[in-house]
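1. Coordinates only, no sequence provided:
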């Protein structure tokens, strides 16, 4: 169709509305820098961007002074807010103020401190700086609690040297809480530590085994169903149940015989329930007779129901 000058001059009302709205949005964005970037309010900027929202409810970038002050004396909510709003604030003098939070008794403070520190361009990952100090703390600090916190921090830093450090802690540290923290950190780092997670599964402390099982769900490509299957006879019901859940997620059909045994006779109802769920996921016909018996006779209603559901999946 031929386009005429008169047709070009006509603008669809809906398009005009959309263009106006877009221009208004652009104008508002241009005022963001005036809203709150230094802890002070600029009334015109706040009104332009946020309308009738009260100035003290508007998000703002944390100043270095704010970060230092809150890190030394603020509560968890204030610390989280200040560091989150200071994600891209380069502040070398803030680093010594934030670093002690890696060893704070509050887990949220430790997490947000590591999150903020790992985003620094300078002052954290150089020789003798925070990251290297954390590695050394895990290796040799006399306090088991500080070593455990250091392992957690290395997981949150998401840097490769933490893998070997945490693997070494699983093998060598005498404190179970440290070994458990190191196992969890490897899950955060998405690495089995060159077999360290499998070693943690054979640890004598349930906390370490549970931490390793938790991490397996986070580690891409972990396939050692044999080490997990060894825990089906563990003396701790929580460990047996978690091992079943991991095998369930791994579709470890080679462990069906051991899982059937737990579904039939484990004294813990939660373990039997997890076993029935895994059998349904495996879809192995060899479990049919056991599941039929469980569905008819188990003393726990939820286990019977789970066995019935599992039968429908075979």
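-> All right, it came through fine. Remember, predicted model here, so these are calculated numbers, not experimental data.
2. which parts of the helix or strand where residue 280 lies are buried?
-> Element membership of residue 280, judged by DSSP states H and E, is helix 269-282. The neighbour-count check on helix 269-282 (16 or more other C-beta atoms under 10 Å) flags 270-282 as buried. C-betas here are computed from N, CA, C, even on glycine.
3. ditto for stretch 133-140
-> In stretch 133-140, counting by 16+ other C-beta under 10 Å, buried: 134, 135, 137, 138.
4. List of residues touching that stretch?
-> 99, 102, 146-147, 150-151, 153-154, 157, 161-162, 165-166, 168-169, 178, 182 (C-beta atoms under 8 Å, 6 or more residues apart in numbering).
5. Now the element after the helix or strand where residue 154 lies, going C-ward?
-> Take DSSP H and E as the rule and residue 154 turns out to sit in helix 144-157. Counting by DSSP H and E, the element after helix 144-157 in chain order, helix or strand, is helix 161-172.
6. Next, the angle helix 144-157 makes with the helix or strand following that following helix.
-> Counting by DSSP H and E, the element after helix 161-172 in chain order, helix or strand, is helix 176-188. Interaxial angle of helix 176-188 relative to helix 144-157 (axes from the mean of the first three to the mean of the last three C-alpha atoms, to 10 degrees): 0 degrees.
7. Chain neighbours aside, what residue packs nearest to residue 229?
-> residue 255 (4.6 Å; C-beta to C-beta, 6 or more residues apart in numbering).
8. related to what we said a few turns ago, which residues sit against the helix holding residue 280?
-> 237, 240-241, 244-245, 247-248, 251-253, 256, 259-260, 262-264, 266, 287, 290-291, 294, 298, 300, 302-303, 306-307, 309-314.
9. Any of those buried? List them.
-> Buried members of the contacts of helix 269-282, counted by 16+ other C-beta under 10 Å: 240-241, 244-245, 247-248, 252-253, 256, 259-260, 262-264, 266, 287, 290-291, 294, 298, 303, 306-307, 310-311.
10. Please tell me how far the closest residue to residue 87 other than its chain neighbours sits from residue 81.
-> Sequence neighbours aside, residue 119 is the residue nearest to residue 87 in space, at 5.9 Å (criterion: C-beta to C-beta, 6+ apart). Using C-beta to C-beta, to the nearest Å, residue 119 is found at 16 Å from residue 81.
11. Show me which of these two is the more surrounded one.
-> More neighbours surround residue 81 than the other of residue 119 and residue 81, with 18 against 14 (other C-beta atoms under 10 Å).
12. hang on, the earlier thing: the residue nearest to residue 87 and residue 207: what is the separation?
-> Relative to residue 207, and taking C-beta to C-beta, residue 119 is found at 31 Å.
13. do residue 138 as well
-> Applying C-beta to C-beta to residue 138 and residue 207 gives a distance of 17 Å.
14. Please parse this structure into its domains.
-> 125-221, 223-314 (automatic domain parsing).
15. closest one to residue 75 among these?
-> domain 125-221 (19.0 Å; C-beta to C-beta).
16. Ends of that closest one, what's the gap?
-> Terminal residues of domain 125-221 lie 29 Å apart, using C-alpha to C-alpha, to the nearest Å.
17. chain center to it, what's the gap?
-> 15 Å (C-alpha atoms, centre = their mean, to the nearest Å).
18. tell me the mean pLDDT over that domain?
-> Averaged across domain 125-221, the pLDDT comes to 98.
19. which other helices and strands contact the host helix or strand of residue 69?
-> In this structure, residue 69 sits in helix 64-73 according to DSSP H and E. Packing partners of helix 64-73 (3 or more C-beta pairs under 8 Å, 6 or more residues apart in numbering; DSSP states H and E): helix 76-84, helix 95-98.
20. Just send the ones you listed back as CSV, with mean pLDDT and distance to residue 200 too.
-> CSV is the format used below for those (pLDDT from 0 to 100; distance: least, C-beta to C-beta, whole Å):
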stretch, mean pLDDT, distance to residue 200
helix 76-84, 95, 30
helix 95-98, 98, 30
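21. Reformat those as a markdown table; add distance to residue 203.
-> Compiled in a markdown table, the helices and strands packed on helix 64-73 are given as follows (distance: least, C-beta to C-beta, whole Å):
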| stretch | distance to residue 203 |
| --- | --- |
| helix 76-84 | 31 |
| helix 95-98 | 33 |
